[in-house]
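>>> Compute the structure for the input listed below.
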Amino acid sequence: MLTFMFVLTWFHEIVVCCDQLERDTLVSFYHNISIPISSPPPLNCCQWQGIACNHAARVTHLWLPERHLSGAINPSFLANLPFLTHINLSHNHFSGPFASRLLHSSKHLQTLDMSFNSLSGSLDLPLPLSIQTLDLSSNLFNGSISSLFLHKASNLISFNVSNNSFTGSIPSSICKTSPRLKMLDFSRNRFSGPITPGLAKCRNLQVFRAGSNNLSGWLPNDLYSVATLKEISLPHNQFSGPINNSIVMLSNLTILEINDNQLIGEIPHDIGLLSKMEQFLLHHNTFNGTIPPSLMHCSNLTTLFLRNNDFGGDISALNFSRLERLQAVDLGHNRFFGNIPHSLCSCTSLTAVRLSFNELVGEIPLCMASLTSLYHLSLWNNNLTSIVQALNVLRHCENLAVLLLGRSFHDEMMLDDNGQSGFHNLHFLSLAESKLKGHIPSWIAKLRKLKMLSLSYNNISGPIPTWLVSMPHLFYLDLSGNLLSGELPREIGHMPALINADDTSSDFHHSELPYLFNSLEYKGMSHMHRGLILGSNNLSGRIPEEIGQLKFLQVLDLSSNNFSGSIPDQLSRLTNLEMMNISGNQLSGEIPNSLTQLHFLSSLSMANNDLQGEIPSGGQFDTFSADSFEGNPKLCGDILNKSCTVVDITPREDDHQEENDEISWYNLPLGLGFSVGLTAVSVTLLFKS
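The predicted model follows:
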């Protein structure tokens, strides 16, 4: 049971009961929304759960958030609670149309929080003059917000309609009728078009959010004159044009979130004047130029995201030494060159760093060993040198869980054991696409928390060690594009994290950075596919039937190897399999009919083998094209438009006659020869006798 949000302490409440009409109204309301009440309930409704009253025992607060309540709200019940000032029914299951006259009938209502329900309808009747806080977020409202709805709300301070389906333009006129506003949240709706002028009249505005809509045009210029602004959040829209230099006048700004738009131009040269800035998020735009040195003066910065733009310049010229509070920096997918700045080591609070897809050179600075809070490091796709030194430095980052160094070190020898220690908290390791030489390093066996390993497209040779497939939490293994040989160990069928549902988030720290992997973006490791990727090697022998035990496997790629024999029927046990590629081998025999039971299979390739017989039909097999089976001349079936010829063994009448004639003619000389031979032998024996 939820405790009272408000507790009455007035002495005379013991003898004064609440108004009878208000009590009857609440009893009716409670019954309609299925809230349990005692029978009979206490006479004084001011003592009920979720109810608070004023000194005259008149109901002022109805506070029942997160109670799993449901049903519709009768719009007339407010009329019988004339002193009600605060309503909080958020995070429940109320549904049906929201009647605007519910608000219109109240003269004292100050706070209404109906967020996280399933209410629908439009907003058309005027808000009461008394309203100060209105939260209708996370419902099913639609249509445009009528100017009449906001016409009288002169005392409004906070207005939140985020996460609905409102359309039309942002009602900028709200600042004309409600100049006291401090918070506006229009995010996650379907608003479109440019933001019309009018926001400058909100002289006290501190938070303006309108992200995840279809807004376009330039960023509204009148925002730059609202000196009280602390947060501007407009991500995931279609804004274009540059950032106005006037933005540096917003000296109170702490959050600027304008990522995922079509903005262009350079960062204002004097951006460092925003000394209170904490989050600077400009990623996924088309900004260019260099990073202004003044940005490095924003000593309160905790988050700096500039990835996927066209920034350039010598990154080593940036001085990070003043950004001691910096926790996450993402400069990936730009055109920075030079060495990794040593000054980055001054940011001792760093938890996430991405410098991937740039043109960085040189070695990883030795001082990075001091970044003990570092959790996520991605240096993918650069021109760095000395993989051995890199690993020796980074193993001292004791909290490191994500390490992506692929496509950065080229034609070097893979670091073998050599007493290698550290990386005890590593969950994700990628050393892919670097043409590294040698065998699979044995020190990886010590990484007992490892969940994902990618060593693909190197020049690694030798067999797949059995210890690798027995690691307790490994659910993604990519060794494709190497020179691995020998048979696939049967122990592969005992990979614990693919046999049992491994909770990939239970010991996984939240990272500020999403995971950019295989051209996809993931919010966390729990969203990544469980895969066994071993294609393009020199593996041979039969496909182990033990693979069928990996019931949580989603991706299986054994293509372009030298596997032979038949396709194991046990693969039909991979009930979560979504992609299977066994093309380019020497597999023979028929395709098991049981594979049609793989109901989640959306991608299949068995091309270029020596398979034969009819391709199974039914299930997902009916969705595959001929490309999935090409290069198998002995296969047939409807998918290939190739009939499977069946020999008709039913004898015809003419065939009977021909068969009889043939038998008679064939048996005659055989019988005659036998008789002649027998006679000759008998005569000879008689003669000798």
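
>>> Name the residues of stretch 361-369 that are buried.
363-365, 368-369 (16 or more other C-beta atoms under 10 Å). Placement of C-beta: from N, CA and C, glycine included.

>>> where in the stretch 501-650 of the chain is pLDDT low?
The stretch 501-650 of the chain contains residues with pLDDT under 70 at 502-527, 646-650.

>>> Rebuild the buried residues of stretch 361-369 as CSV, extending it with pLDDT.
Below are the buried residues of stretch 361-369 laid out as CSV (pLDDT from 0 to 100):
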residue, pLDDT
Glu363, 96
Ile364, 96
Pro365, 96
Met368, 96
Ala369, 95
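
>>> neighbours of the closest residue to Ile255 other than its chain neighbours, just the number please.
Counting by C-beta to C-beta, 6 or more residues apart in numbering, Glu231 is the residue found nearest to Ile255 once chain neighbours are left out, at 4.1 Å. By other C-beta atoms under 10 Å, the residues close to Glu231 number 18.

>>> so what does the helix or strand hosting Leu403 touch, helix or strand wise?
Leu403 belongs to strand 402-404 when elements are defined using DSSP states H and E. Under the contact criterion of 3 or more C-beta pairs under 8 Å, 6 or more residues apart in numbering; DSSP states H and E, strand 402-404 touches strand 376-378, strand 428-430.

>>> Show me what the helix or strand following the last one packs onto, helices and strands only.
Following strand 428-430 in sequence order, the next helix or strand is strand 437-438 (DSSP H and E). For strand 437-438, the contact count by 3+ C-beta pairs under 8 Å, 6+ apart identifies strand 459-462 as packing neighbours.

>>> In the strand it packs on, which residues are buried?
For strand 459-462, the neighbour count (16+ other C-beta under 10 Å) marks Ile460 as buried.

>>> partners of that strand, with directions?
strand 437-438 (parallel), strand 483-487 (parallel) (DSSP bridges).

>>> what does that strand contact?
Here strand 459-462 makes contact (C-beta atoms under 8 Å, 6 or more residues apart in numbering) with 414, 435-440, 479, 482-486.

>>> Same question for stretch 140-149.
Here stretch 140-149 has contacts from 98, 100, 118-127, 161, 164-169, 171, 173, using C-beta under 8 Å, 6+ apart.

>>> Mind doing that once more with 6 Å?
Stretch 140-149 is contacted from outside by 118, 120, 122-124, 126, 164-165, 167-168, 171, 173, using C-beta atoms under 6 Å, 6 or more residues apart in numbering.

>>> got it, and stretch 111-125?
Contact with stretch 111-125 is made by 86-92, 94-95, 97-98, 100-101, 104, 133-140, 143, 145-146, 149, as judged by C-beta under 6 Å, 6+ apart.

>>> State the mean pLDDT of that stretch.
Here stretch 111-125 scores 90 as its mean pLDDT.

>>> Just the buried residues of that stretch, please?
111-117, 119-120, 122-123, 125.

>>> distance between the ends of it?
Start-to-end span of stretch 111-125 (C-alpha to C-alpha, to the nearest Å) is 17 Å.

>>> Then stretch 341-353?
Its start and end residues considered, stretch 341-353 measures 12 Å (C-alpha to C-alpha).

>>> Return, as residue ranges, the portions of this structure with sub-threshold pLDDT.
Under the criterion pLDDT under 70, the flagged ranges of the chain are 1-16, 34-40, 99-105, 417-420, 502-527, 646-689.

>>> what's the burial count for Phe617?
For the record, residue 617 is Ser, not Phe. Per other C-beta under 10 Å, the neighbour tally for Ser617 reads 12.

>>> meant to ask about Asp622
Counted with other C-beta under 10 Å, residues neighbouring Asp622 total 11.

>>> if we can go back for a sec, so can I have CSV of the helices and strands packed on strand 402-404 showing distance to Asp569 and mean neighbour count?
Below are these laid out as CSV (distance: least, C-beta to C-beta, whole Å; neighbours: other C-beta atoms under 10 Å):
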stretch, distance to Asp569, mean neighbour count
strand 376-378, 41, 25
strand 428-430, 34, 22
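
>>> I'd like these as a markdown table, with distance to Met580 appended.
Below are the helices and strands packed on strand 402-404 laid out as a markdown table (distance: least, C-beta to C-beta, whole Å):
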| stretch | distance to Met580 |
| --- | --- |
| strand 376-378 | 30 |
| strand 428-430 | 23 |
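
>>> of all these, which lies closest to Gly332?
Smallest distance to Gly332 across these (C-beta to C-beta): 6.8 Å, for strand 376-378.

>>> how far does the helix or strand just after the closest one sit from the chain's center?
As assigned by DSSP H and E, the chain's next helix or strand after strand 376-378 is strand 383-384. Centroid displacement of strand 383-384 relative to its chain, using C-alpha atoms, centre = their mean, to the nearest Å, is 29 Å.

>>> helices or strands up against strand 383-384?
Judged by 3 or more C-beta pairs under 6 Å, 6 or more residues apart in numbering; DSSP states H and E, strand 383-384 is in contact with no other helix or strand.

>>> That one pairs with which strands?
Using DSSP bridges, the strands paired with strand 383-384 are strand 359-362 (parallel).

>>> which outside residues touch the strand it pairs with?
337, 339, 382-383.

>>> and of these, the nearest to Thr177?
Phe337 (52.7 Å).

>>> Can you point out the buried residues in stretch 238-258?
By 16+ other C-beta under 10 Å, the buried positions in stretch 238-258 come out as 239, 243-244, 247-248, 250, 253-258.

>>> Please read the previous query as pertaining to stretch 196-205.
The neighbour-count check on stretch 196-205 (16+ other C-beta under 10 Å) flags 198-202, 205 as buried.

>>> Turn those residues into CSV, columns for secondary structure and distance to Leu601.
Output for these, formatted as CSV (DSSP: H, G, I helix; E, B strand; the rest coil; distance: C-beta to C-beta, whole Å):
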residue, secondary structure, distance to Leu601
Gly198, coil, 54
Leu199, helix, 52
Ala200, helix, 57
Lys201, helix, 58
Cys202, coil, 55
Leu205, coil, 53
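
>>> picking that back up, return a ChimeraX selection command for the buried portion of the contacts of strand 459-462.
Per 16+ other C-beta under 10 Å, the buried members of those correspond to this ChimeraX selection:
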select :414,436,440,479,482,484
